[in-house]
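Asks: Fold the following.
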Amino acid sequence: MRITIGRTGASSGHSHGSTPSNSSHLRRCRGRLRGTLVHLLWSEINWLARWAGRPTLPRFAEDDFPAVADLRAGWSASKEALRAFLAILDDAQLHYTRTNGEPRSRIFWQLLVHIVNHGTQHHTEAAILLTQYGASPGDIDLHLSPLGQTDQ
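Replies: As a prediction, the model looks like this:
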């Protein structure tokens with residue numbers, strides 16, 4: 001799975017037709033680790049696309065990421081694109097369009113808080129699933145994880 005994030009938007013190279021409602025999507029990924037992780041990746045890529053004024057992508061399907069390496073590559077591309085975007089950002093009011101076409105305006109820090117909160121929910125769900133599979137990720141507190149270390 002290759003994810004391209006550029007001036008024209010992000011692309012997974014797949015087309016999934018119409019975007020399902022949030023409730024139907026959440027029903028599809030609940031209880032499945034890959035579904036939860038794919039949803040989280042799609043969300044982060046699409047928030048970045050919205051902020052940059054690019055069109056959002058249809059929701060990713062679990063089958064778009066058949067292996068852990070595919071998810072890892074997606075996260076790597078997303079992280080790199082987000083860092084590049086944050087490097088040129090100011091604190092101005094942000095205007096974007098939701099996936100349903102509805103225009104919105106928010107102060108940027110509020111959207112960042114939303115992404116952290118959304119990520120916390122799904123990271124916790126993934127940790128529960130891993131634990132149920134007998135492969136607990138251990139302590140997921142930010143200050144103890146690799147993300148909380150200064151060299152990252």
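
Asks: CA only for contacts and neighbour counts going forward, please
Replies: OK.

Asks: which one's the longest helix in the chain?
Replies: Counting residues, the longest helix found in the chain (DSSP state H) is helix 108-132.

Asks: So for it, mean pLDDT?
Replies: Across helix 108-132, pLDDT averages out at 84.

Asks: again, but for stretch 79-89
Replies: With pLDDT averaged residue by residue, stretch 79-89 scores 86.

Asks: buried ones in that stretch?
Replies: Judged by neighbour count using 16 or more other C-alpha atoms under 10 Å, the buried positions of stretch 79-89 are 81-82.

Asks: What of stretch 134-142?
Replies: Judged by neighbour count using 16+ other C-alpha under 10 Å, stretch 134-142 contains no buried positions.

Asks: Tell me the gap between that stretch and the middle of its chain.
Replies: Taking the mean C-alpha point of stretch 134-142 and that of its whole chain, the gap between them comes to 20 Å (C-alpha atoms, centre = their mean, to the nearest Å).

Asks: can you pull the alpha-carbon coordinates of that stretch into PDB?
Replies: This file holds the C-alpha atoms of stretch 134-142, laid out as PDB (Å, rounded to 0.1, in the frame of the first residue of the first chain):
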ATOM      1  CA  GLY A 134      -2.800 -12.000  24.300                       C
ATOM      2  CA  ALA A 135      -0.300  -9.400  22.900                       C
ATOM      3  CA  SER A 136      -0.700  -6.400  25.300                       C
ATOM      4  CA  PRO A 137       1.300  -3.400  24.100                       C
ATOM      5  CA  GLY A 138       2.200  -2.700  27.700                       C
ATOM      6  CA  ASP A 139       2.000   0.800  29.100                       C
ATOM      7  CA  ILE A 140       0.700   3.300  26.500                       C
ATOM      8  CA  ASP A 141       1.100   6.500  28.500                       C
ATOM      9  CA  LEU A 142       2.600   9.100  26.300                       C
END
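
Asks: ok now do residue 51, which residues does it touch?
Replies: Residue 51 makes contact with 94-96 under the criterion C-alpha atoms under 8 Å, 6 or more residues apart in numbering.
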